[in-house]
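**Student:** Turn this into a structure:
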Amino acid sequence: PKPEGETAVNKIILMINLALTVAIASAGIASAQTLEGSRPNIVFVLTDDQGMGDLSCMGNIVLQTPHIDRLYQQSTRLTDFQVSPTCAPTRSALMSGRPPFKVGVTHTIRQRERMTLDVYTLPQALQSAGYATGLFGKWHLGDEPAYLPQNRGFDEVLMHGAGGIGQTNLGDFPPNKENVYFDNVLLHNDTIVQTKGFCTDLFFQAALNWIKQQTDADDPYFAYIALNAPHAPLVAPDKYTQRFLDLGYDKGTAGRYGMIENIDDNVGLLMQKLDDWKMLDNTLVVFMTDNGATHLSGKLNGERVKHYNFGMNGGKNSPHEGGTHVPAFFRWKGVLGEGVDVDA
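**Tutor:** Residues are numbered from 1 along each chain as shown. Purely as a prediction, here's the structure:
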């Protein structure tokens with residue numbers, strides 16, 4: 001049976017309470033404040049194919065990610081957070097609260113990424129509790145009309161098709177094959193639109209504009225910023241790739257690392273705006289990735305090198321830890337502990 005509004009939100013608050021209790025117990029604090037009746041805003045940033053080793057706070061000495069590093073320092077961190085080794089299964093688990101195979105998602109292509117239509121989704125539960133819900137970026141749980149996020153609990157949607165921009169043979173818009181990641185054709189609610197700019201910048205800006213509208217209306221909101229970066233093709237604006245090219249790295253490495261540093265700048269902008277709008281005291285910010293890293297080797301000055309992977313074996317698509325062990329940071333100012341590691 002589908003839980004009704006108050007029951008649904010109570011279950012969500014119960015889960016947050018449980019996570020909070022574990023975090024506080026791990027920090028050695030005696031008691032926790034109750035969250036009953038609270039309706040925090042939720043900003044959920046999910047990146048694509050970014051592994052544990054793809055942040056400077058995780059030990060990467062080539063990348064510079066100061067904004068996510070700061071979020072890490074301010075967050076409760078789940079140090080052994082495990083996801084599926086590919087995109088769609090992880091996303092279906094987040095949207096359903098159930099194992100991917102239980103909701104019909106067994107792969108990323110050929111209709112095996114379509115989440116079963118009888119699933120009662122996280123955004124539907126939040127809608128029933130009075131939340132505005134928005135998706136910005138990657139859905140990857142079905143491109144046919146009935147499966148689209150507009151019909152699964154999202155009020156506002158700006159998305160590409162398939163599992164990545166430019167995957168035109170799998171469902172993305174044909175023009176995106178010609179100018180991958182820049183000036184893309186996207187779906188805005190029920191309208192196909194031509195956009196301008198780099199995709200990650202666009203998704204963050206659209207999310208921030210929408211968040212500001214909800215803030216001005218004093219409505220609780222769930223903003224799901226689900227990026228396609230740093231998924232291949234490995235393309236980023238020149239100002240982000242040039243530093244790595246100057247260091248002697250190959251074009252692919254420069255593109256991928258450039259995408260990550262671009263994400264970092266956008267996370268910094270997001271946190272600054274939430275602070276400016278005085279939203280941090282009542283907003284749960286989540287940062288995580290959907291599976292392990294890709295392109296774990298490249299060239300430096302013409303010589304083959306392995307990229308930093310947090311000391312783990314394997315990456316995306318792998319059953320090894322490198323395929324499933326990802327960053328997961330939770331910040332709720334004044335509620336969740338800062339700099340707290342939860343090893344469970």
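**Student:** in the stretch 201-344 of the chain, which spans are helices?
**Tutor:** 238-247, 251-276, 321-324 (DSSP state H, counting those that start in this stretch).
**Student:** Which of the ones you listed sits closest to Thr133?
**Tutor:** helix 251-276 (17.4 Å; CB to CB). From N, CA and C alone the C-beta is placed, and that goes for glycine too.
**Student:** And that closest one, what does it pack against?
**Tutor:** On a contact count with 3 or more CB pairs under 8 Å, 6 or more residues apart in numbering; DSSP states H and E, helix 251-276 meets strand 41-47, helix 66-74, helix 199-217, helix 238-247, strand 283-289, strand 297-300.
**Student:** Give me the residues contacting stretch 75-84.
**Tutor:** Residues from elsewhere that reach stretch 75-84, judged by CB atoms under 8 Å, 6 or more residues apart in numbering: 19, 23, 90, 93, 100, 285, 287-291, 324-331, 336-344.
**Student:** And Pro89, its phi and psi?
**Tutor:** Main-chain dihedrals, Pro89, degrees, to the nearest 10: phi -60, psi -40.
**Student:** now it: how far from Val103?
**Tutor:** 9 Å (CB to CB, to the nearest Å).
**Student:** quick one: average pLDDT of stretch 70-77?
**Tutor:** Averaging pLDDT along stretch 70-77 gives 98.
**Student:** Check which residues of that stretch are buried.
**Tutor:** 70-72, 74-77 (16 or more other CB atoms under 10 Å).
**Student:** Which pair of the residues you listed spans the longest distance?
**Tutor:** Farthest pair in the buried residues of stretch 70-77, by CB to CB: Arg70 and Thr76, 14.5 Å.
**Student:** Where does the prediction get shaky in the stretch 1-150 of the chain?
**Tutor:** Residues of the stretch 1-150 of the chain that meet the criterion pLDDT under 70 lie in 1-33.
**Student:** quick one, helices of it?
**Tutor:** 5-26, 66-74, 87-96, 122-128.
**Student:** Could you list every helix and strand in contact with the last one?
**Tutor:** What that stands for is helix 122-128. helix 5-26, helix 87-96, strand 132-137, strand 221-226.
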